[in-house]
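A.B. asks: Build me a model from this:
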Amino acid sequence: QVQLVESGGGLVQAGGSLRLSCAASGRTTSRYAMGWFRQVPGKERAFVAAINWSGTSTTYTDSVKGRFTISRDIANNTVYLQMNSLKPEDTAVYYCAATLGSGSSYSRYDYWGQGTQVTVSS
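C.D. replies: Residues are numbered from 1 along each chain as shown. Reported below is the predicted structural model:
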C-alpha cells in the first residue's frame, strides 16, 4: 500500500504561483512513478504532469508546458508541482497519484491522494 497526501493548494491571483507537495508513505514508494492530475466539476480527471521513479524523465500536458515543473525528492518521498504564471483555467482539484507503470492515463495509476483545491482568480 502507498499513501499519498497533497498540500499547498489555495487561492491565488492570475499570474501568481503555487507549489503543491505530495508526501508518499508505504513500502518502496521510491520505485513508483508519480503523476499530478486535475479535475473540475463535471469533467474527467485530466493529466497534468508525471515524473519517473528516478526523477530523470518528466512529461507534461501541453497547456502547462513552460509554466509547471514536476520534481521529486527521493530521500524524503515527496513530489512537487511548481505552478507559475497561473491562469483561471488552471482552477481545479489537483490530485497526486502513483504507478509502477508510466503514462498519462489515470487508469494506469494505482494510488491516489485526497486532492487539494487550487483556485486562480482573474
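
A.B. asks: which intervals of the protein have sub-threshold pLDDT?
C.D. replies: Across the chain, nothing is flagged by pLDDT under 70.

A.B. asks: my read: Val40 touches Asp90, true?
C.D. replies: No - if you go by CB atoms under 8 Å, Val40 and Asp90 don't touch, sitting 10.0 Å apart. The way it works is simple: take the backbone N, C-alpha and C, and place the C-beta from them, glycine included.

A.B. asks: And those two? Which one has more around it.
C.D. replies: Ranked by neighbour count (other CB atoms under 10 Å), Val40 and Asp90 place Asp90 first, with 21 against 12.

A.B. asks: Might you report the residue contacts of that one?
C.D. replies: Listed by CB atoms under 8 Å, 6 or more residues apart in numbering, the contact set of Asp90 reads Arg38, Val64, Met83, Val118, Val120.

A.B. asks: Show the buried residues in those.
C.D. replies: Among the contacts of Asp90, those buried by neighbour count (16 or more other CB atoms under 10 Å) are Arg38, Val64, Met83, Val118, Val120.

A.B. asks: Pick out the residue nearest the middle of this structure.
C.D. replies: By CA atoms, centre = their mean, the chain has its centre lying nearest to Trp36, at 2.4 Å.
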